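# This is a predicted model, with the sequence first.
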Amino acid sequence: MVDTSAHVLKVADEAWIALATLHRENPNRDGYSSKEIIGQVKAASLHSELRSGISPHVSLHNVANLPANSARYRMFYRTAGGEYRLFRPDDDFHPSRTGKMMPERAELPEQFHYLLDWYERSYCGNRASRAAQGEDDPFLKMRGVGREIWAGIDPDEFVDDLRNAW
């Protein structure tokens, strides 16, 4: 059992650690069943026994693309095949999901900080910064399209002409 006495590890974070560990150990896999994630939680032995909240966090509370219930986390993403993977900043999510995408560094035991670093640098890559800047937004990519059509036209005069034609 890992010493977590300096931290009260949240159930959501424990589930995230398990899924992140599976992704790191099996980089060619796209997703994992809830049974595999719960098995990884058991194998990690972060607590003396499996906490009852693990299963609902894996299949519901942490899942970004499901409607929020008591938790609004965006830590997992449910694939079309029913498996789970870690959420990425450019994934779609249910509008009621506004919570965190990964554990807070200060809330994790130090031996798991490498998973946060891996998640940000490798798993998400530069997606987080691109998504924050809107570079992956298909609507924002259309900025400037058709600008030549409106070149030399005063917008106020255009609107006035339309109104006068009514």
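Now that the structure is in, tell me what you want to look at.

# contacts for the longest helix along the chain?
The longest helix of the chain (DSSP state H) is helix 11-25. Residues outside helix 11-25 that contact it (C-beta atoms under 8 Å, 6 or more residues apart in numbering): 29, 32, 36-38, 40-41, 44, 46-47, 51, 53-54, 57-58, 61-62, 71, 73, 75-76, 84-86, 102-103, 107-108, 112, 115, 118-119, 123. C-beta: built from backbone N, CA, C; applies to glycine.

# Just the ones of these in helices?
Short answer: those in helices (DSSP H) are 36-38, 40-41, 44, 54, 115, 118.

# who wins for neighbours among the residues you listed?
Counting neighbours by other C-beta atoms under 10 Å, the top entry in the ones in helices among the contacts of helix 11-25 is residue 37, with 26 neighbours.

# pLDDT score assigned to that residue?
With respect to pLDDT, residue 37 scores 97.

# related to what we said a few turns ago, give me the buried positions along the longest helix of the chain.
11-23 (16 or more other C-beta atoms under 10 Å).

# Can I get that helix as CSV, trimmed to CA atoms?
This file holds the C-alpha atoms of helix 11-25, laid out as CSV (Å, rounded to 0.1, in the frame of the first residue of the first chain):
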residue,chain,number,x,y,z
VAL,A,11,-11.8,9.0,-5.2
ALA,A,12,-11.9,10.9,-8.6
ASP,A,13,-8.2,11.4,-8.5
GLU,A,14,-7.5,7.8,-7.6
ALA,A,15,-9.6,6.7,-10.6
TRP,A,16,-7.6,9.2,-12.8
ILE,A,17,-4.3,7.8,-11.5
ALA,A,18,-5.4,4.3,-12.5
LEU,A,19,-6.5,5.3,-16.0
ALA,A,20,-3.4,7.4,-16.6
THR,A,21,-1.2,4.5,-15.5
LEU,A,22,-3.0,2.1,-17.9
HIS,A,23,-2.4,4.6,-20.7
ARG,A,24,1.3,5.0,-19.9
GLU,A,25,1.9,1.3,-19.7
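
# Would you write a PyMOL line that selects the buried entries of the contacts of helix 11-25?
To isolate the buried ones among these in PyMOL, judged by 16+ other C-beta under 10 Å, type:
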select buried, resi 32+36+37+38+40+41+46+47+54+57+58+61+62+71+73+75+76+84+85+86+102+103+108+112+115+119+123
